[in-house]
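>>> 3D, please:
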Amino acid sequence: MTNNPTVHSILLVLVMAVVTYLLRAFPFLVFSGKKPTPKFVLYLGKVLPYAIIGMLVIYCVKDISFTTTSSWLAYLIAGAVVVLLHIWRRNTLLSIIAGTLSYMALVQFVF
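Residues are numbered from 1 along each chain as shown. Next up, the predicted model:
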């Protein structure tokens, strides 16, 4: 093994890239045959995105302090931006980006 930090970092990134690629390709390799995709896998494909978003929301708001208005109002406003924008446009990526930008703007410039 080398003691060069640059080589170590490059190898680390390459290994992570290969593992990420293989993990994403795995379902296509497994279910690309003549057999139909199992119903359980189709069910997970429908349910898991919502469960993951729910867990991310809980993770993001778990440390909110209600002692001062400025500590939770930015969360509330940014959350409202996400919900309203998603109801209006039905675009998850747009909602996430707009919510993140609005939260960061509120925290940096308002509160």
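>>> only C-alpha atoms for contact and neighbour calcs from this point on.
Noted.
>>> I'd guessed Ser71 sits against Ser65; true?
Yes - Ser71 is within contact range of Ser65, at 6.1 Å (criterion: C-alpha atoms under 8 Å).
>>> quick one: the biggest helix by length in the chain to chain centroid distance?
Scanning the chain for the helix with the most residues, using DSSP state H, yields helix 5-30. Averaging C-alpha positions (C-alpha atoms, centre = their mean, to the nearest Å) puts helix 5-30 19 Å from its chain's average.
>>> Test my guess that Cys78 contacts Ser95.
One thing to correct before we go on: residue 78 is Ala, not Cys. No - assessed by C-alpha under 8 Å, Ala78 is found out of contact with Ser95, at 10.0 Å.
>>> and Val19, how many neighbours?
By other C-alpha atoms under 10 Å, 12 other residues sit near Val19.
>>> And the pLDDT for it?
pLDDT, Val19: 97.
>>> Which parts of the chain are helices?
Under DSSP H, the chain gives helices at 5-30, 39-61, 69-89, 92-105.
>>> Buried residues of the longest one, list them for me.
Neighbour-count burial for helix 5-30 flags no residue at all (criterion: 16 or more other C-alpha atoms under 10 Å).
>>> Ok, the shortest one next?
Going by neighbour count (16+ other C-alpha under 10 Å), the buried part of helix 92-105 is 95-96, 98-100, 102-103.
>>> For it, give the mean pLDDT please.
93.
>>> Contacts made by that helix with the rest, please.
Contact partners of helix 92-105, identified using C-alpha atoms under 8 Å, 6 or more residues apart in numbering, comprise 74-75, 77-79, 81-83, 85-86.
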